[in-house]
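# After the sequence you'll find the predicted model.
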Amino acid sequence: MRAGDEPDLVRVSLAADTVFADAGVELPPDDPRALLAHADRVLVAVDSDGRPCGLAATVVVDGHPHLEQIAVDPGHGRRGVGSALLAAVCAEAAAPGHTRITLTTFRDLPWNGPWYTARGFAPLPRAAWGPELARLWEAEAPIRVLPRIVMAREPG
């Protein structure tokens, strides 16, 4: 994340949330600034003018990279921006020798669970969760307006 990107990344995150509302999914309000402050790493995709149009925020959970959010401005959607961000996150996760990357997502929304499945993620059984991932799952209870799932894949 570059200095000065925060306002554009907040805009991208809020714009990306409109896709849920357009699908009739009512999410509780969130604060993109809190996400950006909490993230260990934020990768940014920029458009041809150099303005942020997507982001991927990660944290470390139980010693593994955990994808907190991928957000793409809908005006740049369906052009591979999200896939490129995910590929970059997974490549970075492989460098330090991590054995998996995790995420939580809506199980059935096409741009969530099925999208991650098509990119190599699979459901992670509860028995394989560490204590931090279990606490994260519980903390996300307010956004379980639809069935959610924990997923993982090998990085790289």
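Arrived safely, thanks for sending.
# tell me the SS of the residue nearest the centre of the chain?
The centre of the chain sits closest to residue 69, judged by C-alpha atoms, centre = their mean, with a distance of 2.2 Å. Taken by DSSP: H, G, I helix; E, B strand; the rest coil, the conformation at residue 69 corresponds to strand.
# Can you tell me the closest non-neighbouring residue to it?
Of all residues not flanking residue 69 in the chain, residue 57 sits nearest, at 4.9 Å (C-beta to C-beta, 6 or more residues apart in numbering). Every C-beta, even on glycine, is put in place using the N, C-alpha and C of the backbone.
# May I see the buried residues of stretch 88-108?
By 16 or more other C-beta atoms under 10 Å, the buried positions in stretch 88-108 come out as 89-90, 92-93, 98, 100-107.
# Tell me the first helix or strand C-terminal of the longest helix belonging to the chain.
Secondary structure of the chain per DSSP state H: the longest helix is helix 6-22. Under the assignment DSSP states H and E, the closest C-terminal helix or strand after helix 6-22 is helix 32-38.
# how about that following helix as CSV, C-alpha atoms only?
Taking Å, rounded to 0.1, in the frame of the first residue of the first chain, the C-alpha atoms of helix 32-38 are listed here in CSV:
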residue,chain,number,x,y,z
PRO,A,32,-12.6,-0.2,5.7
ARG,A,33,-10.2,2.0,7.6
ALA,A,34,-10.2,-0.5,10.5
LEU,A,35,-9.5,-3.3,8.0
LEU,A,36,-6.6,-1.4,6.5
ALA,A,37,-5.2,-0.5,10.0
HIS,A,38,-5.5,-4.2,11.2
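# Does it pack against any helices or strands, and if so which?
For helix 32-38, the packing partners by 3 or more C-beta pairs under 8 Å, 6 or more residues apart in numbering; DSSP states H and E come out as helix 6-22, strand 52-61, strand 64-72.
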